[in-house]
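Student: the following comprises the amino acid sequence and a computationally predicted model.
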Amino acid sequence: VLHTSSRGILCCSFGVVYEATHIETQTKWAIKEVCRPAAGSSKAEMLELEINILKQVNHAHIIRLQEVYHTTKMTYLVTELCVGGELKHLLQRKKFLTEDETRHIICSLADAVVYLHKRDIVHRDLKLENILVQNDLDEDDNGRINIKVTDFGLSVKTGGVGIENMMTEACGTLIYMAPEMMSGRGYSQWCDVWSIGVVMYMLLCGEPPFVSKTKANLLKEIMNKEVKFTQPIWATVSDAAKNLLTCLLKADPAYRMSANQLLENPWITGDTNVPAMPSNVLEMMRNHLEQKENVPSLPSLVLALTTGTVARQLDSTHFNHRIQQQEITLALFCAEMFRSVGEFLKKQTPLNVGLKCVVTRVTEIVTGILLPTFY
């Protein structure tokens, strides 16, 4: 039923993508052709992971898998065709995008990521090469850049949030990787938010936020430096866009904006009259506790954990290897107590926007800092 053209339209990490036409309907599709023996066992496993993930999702900004065919040696994935190619190639042609163009892309990307995270799917390899342009901009009158997220070979489906579901494998492309992915202490779905920030930065100025001649120095830049806006082009970019980038590119995931918060940001919505929202989950939790009249009394240490003060002290202590046994016992007790408090708060109604994920997120942050240190 499918006639495949002889022209490869895209080379992926372990295969070639061809354009194809359905004989009966004349609908155009993309076919990803993978030779499993040539790809090797690890990439063949990644391919199966990608297929399993794509079968579970259905979203306007995620590539749609139509069919999968297997032969003795080959696997063929039939997906919708994105005639505009990789977003990376579009950026190379245009050098940089306008704020309006970038806003539309980032809104679509964040919406896809929120959809994935609600289903406990973490992409882990969001980058310009893995974002496809669906439409032909030369033929599209409205000029909108419509995108599709693709390449789920490094994606994982976790069991939810919490220490037991944190990931430890450092994977992806270095310039897009979140600092916590390289820390060795575990990371969560917040790594995708960092990658969105890198994509947004590159769309607006044409360069990544952190650049170095060697991999080792680049790693240090990502781990230790704050994002800067030194290129002349940033003088033409709004403060709202730059402020948003600083919230997305926080090295500490505890202070990083969530994908849900990104969708509600005034730069995305265009609403400049909304009150300032907390830029991270710790600030949101602290504000909520201050406003709530019937919150149960908590030990001061647990309150300090929710505001991040003790978490930062413990994190610093961890790096200096000075945690004593009694501190470990107390910290584990507090983390467990916070989990119980979190279950209480999640049952309270009504909750303000985003709070449902806050209690589990703060627990994740606290236990993510503490538990890998002790086991």
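Tutor: Received, thanks. Numbers count the residues shown, from 1 in each chain.
Student: contacts and neighbour counts: CA atoms only from here.
Tutor: OK.
Student: for L126, give its distance to I23.
Tutor: Applying Cα to Cα, to the nearest Å, the value for L126 to I23 is 34 Å.
Student: okay, the two: which has more neighbours?
Tutor: Using other Cα atoms under 10 Å, the more surrounded residue of L126 and I23 is L126, with 29 against 12.
Student: SS state for the more buried one?
Tutor: On the three-state scheme (DSSP: H, G, I helix; E, B strand; the rest coil), L126 is labelled coil.
Student: can I assume it is in contact with I196?
Tutor: Yes. With contact defined as Cα atoms under 8 Å, L126 counts as touching I196 (7.1 Å).
Student: can you show me the helices along the stretch 151-300 of the chain?
Tutor: 190-205, 215-224, 239-248, 259-264, 266-269, 281-291, 300-307 (DSSP state H, counting those that start in this stretch).
Student: G40 is nearest to which of those?
Tutor: helix 215-224 (26.1 Å; Cα to Cα).
Student: pLDDT of that closest one, averaged?
Tutor: Mean per-residue pLDDT for helix 215-224: 92.
Student: keeping just the C-alphas, turn it into CSV.
Tutor: Taking Å, rounded to 0.1, in the frame of the first residue of the first chain, the C-alpha atoms of helix 215-224 are listed here in CSV:
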residue,chain,number,x,y,z
LYS,A,215,33.8,19.0,26.7
ALA,A,216,35.2,19.3,30.2
ASN,A,217,35.0,23.1,30.3
LEU,A,218,31.5,23.0,28.8
LEU,A,219,30.5,20.7,31.6
LYS,A,220,31.8,23.2,34.2
GLU,A,221,30.0,26.0,32.5
ILE,A,222,26.7,24.2,32.6
MET,A,223,27.1,23.1,36.2
ASN,A,224,28.4,26.3,37.7
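Student: in that helix, what counts as buried?
Tutor: Of the residues in helix 215-224, 218-219, 221-223 count as buried by neighbour count, 16 or more other Cα atoms under 10 Å.
Student: repeat for stretch 40-54
Tutor: 43-44, 46-47, 49-51, 53-54.
Student: show me the contacts for T98.
Tutor: For T98, the contact set (Cα atoms under 8 Å, 6 or more residues apart in numbering) comprises L204.
Student: if we can go back for a sec, out of the buried residues of stretch 40-54, which sit inside helices?
Tutor: Among these, the members falling in helices (DSSP state H) are 43-44, 46-47, 49-51, 53-54.
Student: dump these into a markdown table; add pLDDT and distance to T230 as well.
Tutor: Formatted as a markdown table, these follow (pLDDT from 0 to 100; distance: Cα to Cα, whole Å):
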| residue | pLDDT | distance to T230 |
| --- | --- | --- |
| K43 | 86 | 39 |
| A44 | 87 | 43 |
| M46 | 89 | 39 |
| L47 | 91 | 40 |
| L49 | 91 | 40 |
| E50 | 93 | 38 |
| I51 | 95 | 42 |
| I53 | 96 | 39 |
| L54 | 97 | 39 |
